[in-house]
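Peer 1: Only the shape, not the letters, is given here:
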Ligand code: PEP
């Protein structure tokens with residue numbers, strides 16, 4: 001059976017606990033549960049515990065935006081995947097903002113992936129090139145290094161529920177997503193890396209999302225790209241109507257492909 005499409009809301013460092021709760025409330029009224037679309041909310045750490053009691057689990061699952069790879073100990077300020085394991089289904093790992101502002105390198109991302117998996121949390125690995133790298137025609141090598149390193153301490157069994165988000169850094173936070181042909185090329189290349197490492201079954205199983213200026217008007221053209229299994233949504237997920245429209249757009253495109 002085809003896996004459901006996946007739509008992930010990355011709320012980043014926005015919303016107080018109260019505001020997050022209000023947004024969930026609004027979303028709950030606007031979002032219909034669809035078997036063909038899985039919706040995941042990634043609020044700040046602070047909101048995970050309260051929201052875990054508030055969400056309707058037929059409609060929403062929770063994700064952490066990050067996690068620390070060591071299970072516990074003297075690491076002031078950190079929150080481990082081990083501490084998150086009963087709270088979240090997924091964790092975003094290797095987001096470009098973590099790589100850029102917190103200097104997260106390839107090896108740390110690799111260790112986070114392994115730790116999340118060890119703690120029964122499904123990783124949503126983010127990969128993507130910067131504007132400079134794109135102009136230098138380094139997209140393929142960047143994606144290769146990011147994917148291969150991140151997955152290198154996992155097994156083919158761990159790949160069963162793997163999610164990888166292609167997020168070109170230059171498209172994040174704007175109103176202009178990457179062109180469908182760019183997305184198609186990157187998705188094909190990412191799947192090829194997975195196949196090279198873990199074989200055809202793993203490559204078929206991995207769900208690949210697109211992230212970067214996902215807004216409702218772009219959903220149908222992005223979802224038409226071959227091999228795209230969903231969206232990782234930043235700013236538009238902070239607006240209940242926009243996010244509900246995006247979810248509905250993903251549902252309709254799945255329906256149009258006979259996967260609804
Ligand atoms: C993101 O940062 O993951 C993202 C997709 O952001 P935005 O939708 O705001 O471009």
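Peer 2: Yep, it's here. Worth saying up front: this structure is predicted, and the values here are computed from it rather than measured.

Peer 1: what does the model give the residue of the stretch 101-250 of the chain found nearest the ligand for pLDDT?
Peer 2: For the stretch 101-250 of the chain and the ligand, the shortest gap (C-beta to the nearest ligand atom) falls at residue 234, measuring 2.1 Å. Backbone N, C-alpha and C define where each C-beta goes, glycine included. The model reports residue 234 with a pLDDT of 98.

Peer 1: next one: residue 260
Peer 2: pLDDT at residue 260 comes out at 74.

Peer 1: Check the burial of it by counting its neighbours.
Peer 2: Residue 260: 14 surrounding residues under other C-beta atoms under 10 Å.

Peer 1: check contacts around residue 24.
Peer 2: Listed by C-beta atoms under 8 Å, 6 or more residues apart in numbering, the contact set of residue 24 reads 41, 51, 54-55, 60.

Peer 1: Beyond the one helix or strand residue 221 maps to, next helix or strand please.
Peer 2: Assigned by DSSP states H and E, residue 221 belongs to helix 219-223. Next in sequence after helix 219-223, counting helices and strands by DSSP H and E, comes strand 230-233.

Peer 1: which residues touch that following strand?
Peer 2: 5-10, 37-38, 92, 124, 126, 165, 167, 207, 209-211, 214, 219, 222-223, 243, 246, 250.

Peer 1: Those residues in helices, which ones?
Peer 2: Under the assignment DSSP state H, these contribute 219, 222-223, 243, 246, 250 to helices.

Peer 1: Could you measure from the residue nearest to the spatial centre of the chain over to residue 209?
Peer 2: Nearest to the geometric centre of the chain sits residue 124, at 4.4 Å (C-alpha atoms, centre = their mean). Applying C-beta to C-beta, to the nearest Å, the value for residue 124 to residue 209 is 7 Å.

Peer 1: Tell me the residues that contact both of the two, please.
Peer 2: Joint contacts of residue 124 and residue 209 (C-beta under 8 Å, 6+ apart) are 8, 163-165, 232.

Peer 1: Kindly indicate which of these lies nearest residue 173.
Peer 2: Distances from residue 173 to those, taken as C-beta to C-beta, are shortest for residue 232 (12.6 Å).

Peer 1: State the number of residues packed around the closest one.
Peer 2: 27.

Peer 1: give me the beta-bridge partners of it?
Peer 2: For residue 232, the beta-bridge partners under DSSP bridges are residue 8, residue 211.

Peer 1: re earlier: from the contacts of strand 230-233, which are also near the ligand?
Peer 2: Taking C-beta under 6 Å from any ligand atom as the test, the ligand is in contact with 10, 167, 211, 214 out of these.

Peer 1: before we move on, back to that, which of the contacts of residue 24 has the largest number of neighbours?
Peer 2: Sorting those by how many neighbours each has (other C-beta under 10 Å) puts residue 41 first, at 26 neighbours.

Peer 1: Could I get the phi/psi values of that residue?
Peer 2: phi -110, psi 130 (degrees, to the nearest 10).

Peer 1: thinking it is in contact with residue 11, fair?
Peer 2: Yes - with contacts defined as C-beta atoms under 8 Å, residue 41 counts as touching residue 11 at a distance of 7.2 Å.

Peer 1: where do the contact lists of the two overlap?
Peer 2: residue 237.

Peer 1: returning to that earlier point: may I see the ones next to the ligand among the contacts of strand 230-233 organised as JSON lines, with distance to residue 260 and pLDDT added?
Peer 2: Output for those, formatted as JSON lines (distance: C-beta to C-beta, whole Å; pLDDT from 0 to 100):
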{"residue": "10", "distance to residue 260": "25", "pLDDT": "98"}
{"residue": "167", "distance to residue 260": "26", "pLDDT": "98"}
{"residue": "211", "distance to residue 260": "23", "pLDDT": "98"}
{"residue": "214", "distance to residue 260": "20", "pLDDT": "94"}
